[in-house]
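1. Here you go, sequence then predicted model.
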Number of protein chains: 2
Amino acid sequence: MRAERGILIVLSGPSGAGKSTVIKSLMKRRSDIRFSVSATTRQPRPGERDGEDYFFITREAFDELIAQDAFLEHAEYVGNCYGTPAAPVEKDLAAGYNVLLDIEVQGAAQVMAKRPDAVSVFLCPPSLAELERRLRGRGTDSEEKIVGRLKTARQEYKLLDQYAYIVVNDDADTAAAELDAIITAHLCRSENRIQFIADAKGEELS
Amino acid sequence: MRAERGILIVLSGPSGAGKSTVIKSLMKRRSDIRFSVSATTRQPRPGERDGEDYFFITREAFDELIAQDAFLEHAEYVGNCYGTPAAPVEKDLAAGYNVLLDIEVQGAAQVMAKRPDAVSVFLCPPSLAELERRLRGRGTDSEEKIVGRLKTARQEYKLLDQYAYIVVNDDADTAAAELDAIITAHLCRSENRIQFIADAKGEELS
């Protein structure tokens, strides 16, 4: 059955939990997912395209959008501003697409406050010990960076309770299947079948 | 990840919506489903076995269980009593099984009042016109019975709003996949990952 309206999914999880692999696997499972494109005041890097990687805007334009309450969330990071514009997300949801926001815990809290209908999912490694093992296994991060990531993960875990769902990434395909199931389940929720229910109740038989 | 606790699923839907076919397809998808066995005061029919088809009990025993508030729901139907004993359901849930109650709308309302954690699903035909077509297509019911079933379906639709999920049975395998997804999603809900969250927060790193 076609969705009357898409689901807004807020996905968080510590660095090293395997989010990008899980998202890739999820995309193979369903074609009705859209990603939100963030707005930023930082300069585009070579190869980055406006409206695709980011909406590159001026600080003035960014502040104006804040004043208009046009962001689902926004933050400043090393002198640059980043934000999730609400309008394109709303447009995709209305068109029946499920919109995935891959977002850290503070931004996620902002989105959840603004959009109580958002479905929040925290992607966890099986344990912090396993996260540490994975981070070391990648061999790309310095010892300092690994310690920093683990510390951040521990901080993020303090906000675990704000998430409706916890998906444990023991295996990326299983985790993607669970994320897939969460979306399917929400599409079946009665608040997303309002038109169907109204039609069912109102149907006259010959 | 193993369930800390199973999910209690309340499944309703009009006669002819295809519930038994959907349940059969669901059972092929997952092995962690248990059905509750009802208690009844009616006499066993040839071939029916106590504790399997029903718990066959006396009226006195039934009334005693009511007095003890030992039923999730109960009703009287053409002189016989039927009820869902809470204890075996609780035992299965605690063992990590998902328990499916296939139950009509009035009984479902009783269960939901007693167990706010129950996940309620209403299985709908795509439309009442399609339900009528299916009932006639079976060729097993008299005209009077078909009219009666459609009237009951319309009555049941008045209680559609009490269900958390609406699964539309256009195709039985798709409907079973949606029911499957609803169970998987609920197993991922943070209230069903309490131990995991506590462990994650409390984990000390070497």
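-> That came in fine, so what should we check first? What you see is a predicted model; the values in this text were computed from it and never measured. Residues are numbered from 1 along each chain as shown, chains lettered A, B, ... in the order given.
2. contacts, neighbours, all on C-alpha from now
-> Fine.
3. can you pull out the strands in chain A?
-> A:8-12, A:33-35, A:39-40, A:55-56, A:71-77, A:80-85, A:98-102, A:119-124, A:165-168 (DSSP state E).
4. Name the residues of chain A found near chain B, please.
-> Residues of chain A lying close to chain B by Cα under 8 Å from any Cα of the partner chain are A:1, A:127-129, A:154, A:157-158, A:160-161, A:163-168, A:178-182, A:184-185, A:188-190, A:193, A:197, A:200-201, A:203, A:205.
5. ok so, going back, output the strands of chain A in CSV, with mean pLDDT appended to each entry.
-> Conversion of the strands of chain A to CSV gives the following (pLDDT from 0 to 100):
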stretch, mean pLDDT
strand A:8-12, 96
strand A:33-35, 94
strand A:39-40, 96
strand A:55-56, 96
strand A:71-77, 95
strand A:80-85, 96
strand A:98-102, 96
strand A:119-124, 97
strand A:165-168, 96
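6. From chain B, how far off is the residue lying closest to A:Leu187 once chain neighbours are set aside?
-> Spatial nearest neighbour of A:Leu187, excluding adjacent residues (Cα to Cα, 6 or more residues apart in numbering or on different chains): A:Ala3 at 6.4 Å. Note on A:Ala3: its distance to chain B, by Cα to the nearest Cα, to the nearest Å, is 12 Å.
7. Show the buried residues in the residues of chain A next to chain B.
-> Among the residues of chain A next to chain B, the ones that count as buried by 16 or more other Cα atoms under 10 Å in any protein chain shown are A:127-129, A:154, A:157, A:160, A:163-168, A:178-182, A:184-185, A:188-190, A:193, A:197, A:200-201.
8. Report the central residue of chain A.
-> A:Leu101 (2.3 Å; Cα atoms, centre = their mean).
9. give the contact list for that one.
-> A:8-11, A:35-36 (Cα atoms under 8 Å, 6 or more residues apart in numbering or on different chains).
10. Identify the bridge partners of the residue nearest to A:Met27 when sequence neighbours are not counted.
-> Closest residue to A:Met27 apart from its sequence neighbours, by Cα to Cα, 6+ apart: A:Ile33 at 7.1 Å. Listed by DSSP bridges, the beta-bridge partners for A:Ile33 are A:Asn98.
11. contacting residues for A:Ile33?
-> Neighbours of A:Ile33 in contact, by Cα under 8 Å, 6+ apart: A:27, A:97-100.
12. List just the nearest of these to B:Ala70.
-> A:Asn98 (42.9 Å; Cα to Cα).
13. A:Gly148: what's it in contact with?
-> No residues are in contact with A:Gly148 under the rule Cα under 8 Å, 6+ apart.
14. Show me the helices in chain A, by range?
-> A:19-29, A:59-67, A:86-94, A:105-114, A:128-138, A:143-157, A:172-188, A:194-202 (DSSP state H).
15. Pull the number of nearby residues for A:Phe122.
-> By other Cα atoms under 10 Å in any protein chain shown, the residues close to A:Phe122 number 27.
16. Distance of the residue nearest to A:Leu187 relative to A:Ala95?
-> 9 Å (Cα to Cα, to the nearest Å).
17. Please say which of these two ends up with more neighbours.
-> A count of neighbours by other Cα under 10 Å puts A:Ala3 above the other of A:Ala3 and A:Ala95, at 18 against 13.
18. related to what we said a few turns ago, what separates the residue nearest to A:Met27 from A:Thr21, distance-wise?
-> 15 Å.
19. now do A:Pro125
-> From A:Pro125 over to A:Thr21 (counting by Cα to Cα), the distance is 13 Å.
20. So for these two, which residue has more residues nearby?
-> Using other Cα under 10 Å as the criterion, A:Pro125 and A:Thr21 rank with A:Pro125 on top: 25 against 15.
21. in chain A, which ranges drop under the pLDDT threshold?
-> A:1-2, A:205-206 (pLDDT under 70).
22. Could you list which residues are in contact with A:Val121?
-> So A:Val121 contacts A:9-12, A:163-167 (Cα under 8 Å, 6+ apart).
23. Report the contact partners of A:Asp102.
-> A:10-12.
24. who's A:Asp50 bridged to?
-> A:Tyr54.
25. Count the neighbours of it for me.
-> 13.
26. That one and A:Arg42 touch, don't they?
-> No - taking contacts as Cα atoms under 8 Å, A:Asp50 lies outside contact range of A:Arg42: 11.6 Å.
27. Which neighbours do these two have in common?
-> A:Phe56.
28. Relative to A:Leu65, how far out is A:Val59?
-> Rather than Val, residue A:59 is Arg. 10 Å.
29. which neighbours do those two share?
-> What both A:Arg59 and A:Leu65 touch, as defined by Cα under 8 Å, 6+ apart, is an empty set.
30. so who does the nearest residue to A:Ser127 once chain neighbours are set aside touch?
-> Distances taken as Cα to Cα, 6+ apart place B:Ala200 nearest to A:Ser127, at 6.4 Å, with adjacent residues excluded. Neighbour list for B:Ala200: A:127-128, A:157 [criterion: Cα under 8 Å, 6+ apart].
31. In CSV, list the residues you listed along with distance to B:Val119.
-> Listed next are the contacts of B:Ala200 as CSV, based on distance: Cα to Cα, whole Å:
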residue, distance to B:Val119
A:Ser127, 29
A:Leu128, 32
A:Tyr157, 27
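32. For A:Glu178, list the residues it contacts.
-> A:Glu178 neighbours (Cα under 8 Å, 6+ apart): A:167, B:181, B:184-185, B:188.
33. Pull up the gap between it and A:Arg149, please.
-> Taking Cα to Cα as the measure, A:Glu178 falls 25 Å from A:Arg149.
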